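Colleague: Mind looking at a prediction? Sequence and model below.
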Amino acid sequence: MLQIRKLQVENDYLAKDRGMFLLFNSGSKKGGNMTTVEPIRNLKDLHKLEKYFAKKSKRDLLMFTIGTNCGLRISDIVALNVGDVQGKEYINIVEQKTGKHKRFPINSKLKPMLQEFTKDKNLNEPLFTTIFGNRMNRFGAYYILKEAAKSINLSEKIGTHTMRKTFGYHHYRKFKDVAMLQKIFNHSAPQITLRYIGIEQDQIDDNYKNFIL
């Protein structure tokens, strides 16, 4: 009976922001306008979020760091088990959305974080669990991100795609290689990638700012 009550409380906790998740993370059309989430463009804001998570929760910091350093969808992040990352040089997954295989190296920032976080954990248990011991889902992840953004007064529209878009935005800013990002994201065209990571909007904004009659 206690376990049933725990599950009910957890479901209520994770579902309370589901409506906002669908609005700001998936995008909604109303009157011809599209509302969508944005990348974190300012590195100072990114570091503020990391400091916030570092004080609050090692789990949340690791989830956020994986998202911004690997560019995974949240569905693939929460699907990870301890055995997928513990003692590994590479992460190998089958993407939840596309069914495609994805393999990428674990960078020097993530390695010690993963080693510390997975120490003494069973290989077959979820990497990210809720306060009730169940696997984290995307609604719970969205709630965590939204609360963090609110706490540091972040102005961007934040959702779980923000982590993936942030990875793409700063990857492009560093390497200027849209073809590589297109492959990483499995997009069908480079213009889709530029629009997704917010670069296209930046270019439009710059054009407006520099066009004066």
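Modeller: All right, it came through fine. Numbering: from 1, shown residues only.
Colleague: what helices or strands is the helix or strand where Ala179 lies leaning on?
Modeller: Using DSSP states H and E, the element containing Ala179 is helix 178-185. On a contact count with 3 or more Cβ pairs under 8 Å, 6 or more residues apart in numbering; DSSP states H and E, helix 178-185 meets helix 161-175, helix 190-196. All C-beta spots, glycine's among them, are computed from the backbone N, C-alpha and C.
Colleague: Output the ones you listed as CSV; include the columns mean neighbour count.
Modeller: As requested, the helices and strands packed on helix 178-185 are exported to CSV (neighbours: other Cβ atoms under 10 Å):
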stretch, mean neighbour count
helix 161-175, 21
helix 190-196, 16
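Colleague: could you dump these to CSV with mean pLDDT?
Modeller: Compiled in CSV, these are given as follows (pLDDT from 0 to 100):
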stretch, mean pLDDT
helix 161-175, 97
helix 190-196, 96
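Colleague: Now do the helix holding Ala179 against helix 161-175, angle only.
Modeller: Computed with axes from the mean of the first three to the mean of the last three Cα atoms, to 10 degrees, the direction of helix 178-185 lies at 150 degrees from that of helix 161-175.
Colleague: can you list contacts of helix 178-185?
Modeller: 71, 164, 168, 171-172, 187, 189-190, 192-194, 196-197 (Cβ atoms under 8 Å, 6 or more residues apart in numbering).
Colleague: same thing but at 10 Å, please
Modeller: With contact meaning Cβ atoms under 10 Å, 6 or more residues apart in numbering, helix 178-185 is reached by 70-73, 102, 104, 164-165, 167-169, 171-172, 175, 177, 187-194, 196-197, 199.
Colleague: Low-confidence ranges, the chain, go.
Modeller: Along the chain, the parts satisfying pLDDT under 70 run over 1-35.
Colleague: quick one: the strands in it?
Modeller: For the chain, applying DSSP state E gives strands covering 28-30, 33-35, 90-94, 101-105.
Colleague: hmm, back to that, just the angle between the helix holding Ala179 and strand 101-105, please?
Modeller: Using the same axes, to 10 degrees: helix 178-185 against strand 101-105 is 120 degrees.
Colleague: Counting neighbours, what do you get for Ile74?
Modeller: Using other Cβ atoms under 10 Å, Ile74 has 26 other residues around it.
Colleague: unless I'm mixing things up, it is touching Glu95, no?
Modeller: No - counting by Cβ atoms under 10 Å, Ile74 stays clear of Glu95, with 11.9 Å between them.
Colleague: if we can go back for a sec, of the helices and strands packed on helix 178-185, which is nearest Arg135?
Modeller: Proximity to Arg135, assessed across the helices and strands packed on helix 178-185 by Cβ to Cβ, is greatest for helix 161-175 (18.0 Å).
Colleague: elements contacting the closest one?
Modeller: Counting contacts by 3 or more Cβ pairs under 10 Å, 6 or more residues apart in numbering; DSSP states H and E, helix 161-175 is packed against helix 43-56, helix 58-70, helix 74-77, helix 138-151, helix 178-185, helix 190-196, helix 199-209.
Colleague: Thank you, goodbye.
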